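J.: Quick one: sequence and predicted model below, then my questions.
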Amino acid sequence: MRAHPRLRSFLSGLVPVGWVTVLLLFPYILLLVQSFWKLENGTITHQVTLDNYRRLFGTALYPDTILFSAGIALRVTFFSLLLAYPLAYLLAFKVKRHRNLMYMAVIIPLWVSYLVRAYAWKIILGQEGILNGLLMSSGLIHEPLTVLLYSKWALIIALTHIYTPFTLMPIFAVLESIPVSLKEASGDLYASRWQTFRRVILPLSIPGVVAGCTFAFVLSMGDFLAPQLLGGNDSALMVSNLVWSLFGVAYNWPLGAAVSVVMLCLTLVLLWLANSVEKRMNYTGADGKKAATDGRGMMARGAGV
Amino acid sequence: MNPSILELRSLTRRFGDFTALDGISLAIAPGEFLTLLGASGSGKTTTLRLLAGFDQPDSGSILMDGVDIAGLPSFKRSINTVFQQYALFPHMSVRENVGYGLRMRKVNKAEIRSRVDEALEMVQLGQLEARAPRQLSGGQQQRVALARALVNRPRVLLLDEPLGALDLKLRKEMQLELKHLQTLVGITFIYVTHDQEEALTMSDRVVVMRQGKIEQIGTPKEIYAQPTSRYVADFIGETNLLTGEVTSLDGRQVTVRCDGSSIVIPVGAMPVVIGDRVWFSVRPESMAMGTGPAAGEFNHLEGTLTDTVYAGAITRLHLALTGGKRLVVHQAAGGPLPEPGARVAVQWRPSDGVLLPDRVTADAGLSRR
């Protein structure tokens, strides 16, 4: 027996819709509802109020935390781009022989548990760590440096390390999709290699850059584990850690939910902006977005989120 | 003074085990429309890429006005290219595309403006200057690519199958337009194509390439009427390749025994002796249907009509000779045609046959188009 084609397509459409509803939409709705509830004497009452949002925007702590997180995320994005673009360029244009192998070498760390990667930095930067050991044995310092670990710079280094592959993937995808003939045409029209990069390659790769930067920014801004493990006192100033302490320590679920909702809105606005830039500047038809989606999938696996 | 603008000397390019270009030598005259014609893998595109500077030869030299340019990168050569898929910059307007080369050479703005105007005028695209390439049709993109190259007033323009992506009607129009444009600007065109009709239509000279070597160089007429090899005879146009044994020869012509008939052919470049087996070619349009053995001055063969194919201006008659060999004859439209299965005779003037220098070898069953 064959099902009616329309019924079949309806049923097959039901699975992803159901998936999204149960696992994504439903939790977000719960979060949104939670953010309007009231906390009275340590118990949550189902009473609709805007108090949480008033407190959120009225207390310096919360906007400051969001700004601080954004500042960290901005620096992580900057360093990720600085590393990822040249690497993607080399992979796309200069590496001929073992390109896939090299690409995998960049991507493979994503399969290593996020925790392992974060702890690795603890080992490198710690007081008894590899870096201090090296510096001491080379005679550059006599006392181990304590500023390396548990600072916002440790956080930035670790996050840059973790999110550089996400920045690289969409850039690589876009660069790879640029026809070689465009480079040749540019050279044929008297452009030097630098001019060809500046006038042809760079403008055409902007969608990938935007996609990659969006990833680095959004993911590092919402990161929770790296600040927890490496950030020390600064970690409390990252927004995810604030949410965590609101939910876990302060038992103020409604306020925690409100902060989450604000973050979610900010992220959505950012994604929408990035998306419209990407769309407007996409000439090559590269699926930077696909690469990005792959990245998202890998991120979910890698981070165990 | 060296009269050629470009001279290729023993150019060789290998890719691994594959020899793409096997020591070709060629001199190109200023203002010439030269076509490199060949099947894929014949080395025509490789030659073009070496000339453009996108690739470097393994050995040999490329002389431009007597100076070797083989090692120079493309941006240092006074040669421009029109690419197969046009390779227009998608993020630039038509005007920006056309002005790109001039901007890169730091030509002043006023001059860029007037030269771009002029180039757009030349390809009749003035009104589309603000458009993006993707808003243009294939033919229009083609013109932009042409203007973008010509605006730089190169000494030599390379064209890599520039009409390949266009439909037949537009292609024919563009062929004439290109030829007209080339005469107008007087720039040397080196044109790569696998389309023999295109080559014959536009070129001053055609270079037929095969397996990295030059098979024949000549005017379109020479290439078509006087092919010097079986490959060229077969590759250019439709032809009947026949083989037979030389029975007699004098200074002007040879007589060949073929399918039971005596065929007279003018002597070719290759010396033959009595008893040799030789190839010769007769174009289908040189043959006519007769009714029986013709008057002495004509060659004739007899066979069975297997098929008649109507093709507008002409009808193609397919014949099987007694020995099993197949022939194609073009019959002008009109007049009654015999039914398939009928015995028919075909005849042609001895001067329409071309003796081909290739020796008859084991691969006598050469595939026929």
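T.: The structure has been received and is ready for your questions.
J.: three-state assignment of residue 263?
T.: Let's take chain A. helix (DSSP: H, G, I helix; E, B strand; the rest coil).
J.: try chain B instead
T.: strand.
J.: again with residue A:200
T.: Here residue A:200 is recorded as helix under three-state DSSP.
J.: And the closest residue in space to it that isn't next to it in sequence, which helix or strand is it part of?
T.: Excluding the flanking residues, the one nearest residue A:200 by C-beta to C-beta, 6 or more residues apart in numbering or on different chains is residue A:186, at 4.8 Å. C-beta: built from backbone N, CA, C; applies to glycine. Here residue A:186 is covered by helix A:180-188, with elements defined by DSSP states H and E.
J.: So the residue nearest to residue A:200 versus residue B:108, what's the distance?
T.: From residue A:186 across to residue B:108, the span is 21 Å (C-beta to C-beta, to the nearest Å).
J.: my guess is the residue nearest to residue A:200 meets residue A:198, correct?
T.: No. With contact defined as C-beta atoms under 8 Å, residue A:186 does not reach residue A:198; the gap is 10.0 Å.
J.: and the residue of the stretch 101-250 of chain B nearest chain A?
T.: Nearest residue of the stretch 101-250 of chain B to chain A: residue B:101, at 3.6 Å (C-beta to the nearest C-beta).
J.: got a list of what that residue touches?
T.: Contacts for residue B:101 (C-beta atoms under 8 Å, 6 or more residues apart in numbering or on different chains) come out as A:189-190, B:80, B:148-149, B:151-152.
J.: And the strands in the stretch 51-200 of chain B, which stretches?
T.: For the stretch 51-200 of chain B, the strands defined by DSSP state E, counting those that start in this stretch occupy B:59-64, B:67-68, B:79-82, B:156-160, B:188-193.
J.: which one of those strands has the most crowded surroundings?
T.: Sort the strands of the stretch 51-200 of chain B by mean neighbour count, taking mean count of other C-beta atoms under 10 Å in any protein chain shown, and strand B:79-82 sits at the top with a mean of 27.
J.: and residue A:83, what element?
T.: Per DSSP H and E: residue A:83 is located in helix A:61-89.
J.: Tell me which residues of that helix come out buried.
T.: Residues A:62, A:65-66, A:68-70, A:72-77, A:79-81, A:83-85, A:87-89 are the ones in helix A:61-89 that count as buried (16 or more other C-beta atoms under 10 Å in any protein chain shown).
J.: Output the contacting helices and strands for that helix.
T.: Applying 3 or more C-beta pairs under 8 Å, 6 or more residues apart in numbering or on different chains; DSSP states H and E, one finds that helix A:61-89 contacts helix A:51-58, helix A:152-177, helix A:202-221, helix A:239-248, helix A:253-281.
J.: Can you show me the CA trace of the helix holding residue A:186 as CSV?
T.: The C-alpha coordinates for helix A:180-188 follow below in CSV (Å, rounded to 0.1, in the frame of the first residue of the first chain):
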residue,chain,number,x,y,z
VAL,A,180,40.0,30.7,-10.7
SER,A,181,39.3,32.5,-14.0
LEU,A,182,38.4,35.7,-12.0
LYS,A,183,41.9,35.7,-10.5
GLU,A,184,43.3,35.1,-13.9
ALA,A,185,41.2,37.8,-15.5
SER,A,186,42.4,40.3,-12.9
GLY,A,187,46.0,39.4,-13.6
ASP,A,188,45.3,39.5,-17.3
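J.: Check which helices and strands that helix is in contact with.
T.: Using 3+ C-beta pairs under 8 Å, 6+ apart: helix A:180-188 touches helix A:193-196, strand B:79-82.
J.: any chance of those in CSV, plus mean pLDDT and distance to residue B:345?
T.: Output for these, formatted as CSV (pLDDT from 0 to 100; distance: least, C-beta to C-beta, whole Å):
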stretch, mean pLDDT, distance to residue B:345
helix A:193-196, 94, 66
strand B:79-82, 93, 50
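J.: Give me the residue ranges of chain A where confidence is low.
T.: Along chain A, the model assigns pLDDT under 70 to residues A:1-3, A:147-148, A:234-236, A:284-305.
J.: and the helix or strand harbouring residue A:116, what does it pack onto?
T.: Assigned by DSSP H and E, residue A:116 belongs to helix A:114-125. Packing partners of helix A:114-125 (3+ C-beta pairs under 8 Å, 6+ apart): helix A:130-137, helix A:152-177, helix A:225-230.
J.: Which positions in the stretch 201-305 of chain A make contact with chain B?
T.: Within the stretch 201-305 of chain A, the residues that sit near chain B (C-beta under 8 Å from any C-beta of the partner chain) are A:203-204, A:281, A:283-284.
J.: Pick the one among those closest to residue A:53.
T.: residue A:281 (35.7 Å; C-beta to C-beta).
J.: what's the burial count for that closest one?
T.: A count of nearby residues for residue A:281, using other C-beta atoms under 10 Å in any protein chain shown, gives 17.
J.: about what we covered before: which one, of the helices and strands packed on helix A:180-188, ends up nearest to residue A:53?
T.: Of all these, helix A:193-196 sits nearest to residue A:53, with 51.0 Å by C-beta to C-beta.
J.: Pull out the buried positions in the closest one.
T.: So helix A:193-196, judged by 16+ other C-beta under 10 Å, has buried residues A:195-196.
J.: Does chain B have contacts with it?
T.: Yes. On the criterion C-beta under 8 Å from any C-beta, helix A:193-196 is in touch with chain B at residue A:195.
J.: Alpha carbons of that helix, as CSV, please.
T.: What follows is helix A:193-196, C-alpha atoms only, in CSV (Å, rounded to 0.1, in the frame of the first residue of the first chain):
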residue,chain,number,x,y,z
ARG,A,193,48.7,39.9,-6.9
TRP,A,194,47.9,42.3,-4.1
GLN,A,195,45.6,44.3,-6.3
THR,A,196,43.8,41.1,-7.3
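J.: what's that helix in contact with?
T.: Taking C-beta under 8 Å, 6+ apart as the rule, helix A:193-196 contacts A:183, A:186-187, B:104.
J.: Spit out the contact partners of residue B:347.
T.: By C-beta under 8 Å, 6+ apart, the contact list for residue B:347 reads B:287-288, B:290, B:294, B:298-300.
J.: swap in residue B:351?
T.: Here residue B:351 is in contact with residue B:266 (criterion: C-beta under 8 Å, 6+ apart).
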